[in-house]
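[1] A structural model of the following input is requested.
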Amino acid sequence: MLVINDALAGKKLITEANFNGINAIDLKVSEPMTVSGKEDRTGMAMAIILDTMLGKGFEPDGFVQGNGYRIYHYKRMR
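    Sure, this is the predicted structure:
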């Protein structure tokens, strides 16, 4: 499971990750999420993460709400 607190740091982490042979992955994302250290109130942070995951060949597959975070499930696109 990757843990993401900031969208741009998360984008770098996801971009550099090797997902070869992985069909599903969970991302633990803090709430509130930041973009370059500034709190995101517009949803831009998750848009950045989603765009990056789509670029790596994964699509959303639900989430679980926790206290101060969400765990987003992604699965490999067919």
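
[2] tell me what the nearest residue to Asn23 once chain neighbours are set aside is bridged to.
    Of all residues not flanking Asn23 in the chain, Arg76 sits nearest, at 4.6 Å (C-beta to C-beta, 6 or more residues apart in numbering). Placement of C-beta: from N, CA and C, glycine included. Beta-bridge partners for Arg76, by DSSP bridges, are Phe58.

[3] ranges for the strands of this structure?
    Here the chain has its strands, by DSSP state E, at 2-6, 24-35, 38-39, 58-65, 69-76.

[4] which among those strands is found nearest to Ile48?
    Smallest distance to Ile48 across the strands of the chain (C-beta to C-beta): 7.1 Å, for strand 24-35.

[5] same question for that closest one, mean pLDDT?
    Mean pLDDT, strand 24-35: 94.

[6] what is the top helix by length along the chain packed up against?
    The helix that spans the most residues within the chain, counting by DSSP state H, is helix 44-55. Helix 44-55 sits against helix 7-16, strand 24-35, strand 58-65, with contacts defined as 3 or more C-beta pairs under 8 Å, 6 or more residues apart in numbering; DSSP states H and E.

[7] quick one on the thing from earlier: distance to Leu50 and mean neighbour count added to the strands of the chain, as CSV?
    CSV is the format used below for the strands of the chain (distance: least, C-beta to C-beta, whole Å; neighbours: other C-beta atoms under 10 Å):
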stretch, distance to Leu50, mean neighbour count
strand 2-6, 12, 17
strand 24-35, 10, 17
strand 38-39, 19, 9
strand 58-65, 7, 13
strand 69-76, 9, 17
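
[8] which of these sits closest to Ala47?
    Judging the strands of the chain by C-beta to C-beta, what sits closest to Ala47 is strand 24-35, at 9.8 Å.

[9] so in that sheet, which strands flank the closest one, and in what orientation?
    strand 2-6 (parallel), strand 38-39 (antiparallel), strand 69-76 (antiparallel).

[10] export these to CSV and tack on mean pLDDT and distance to Asp61?
    Output for the strands paired with strand 24-35, formatted as CSV (pLDDT from 0 to 100; distance: least, C-beta to C-beta, whole Å):
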stretch, mean pLDDT, distance to Asp61
strand 2-6, 93, 15
strand 38-39, 92, 27
strand 69-76, 97, 4
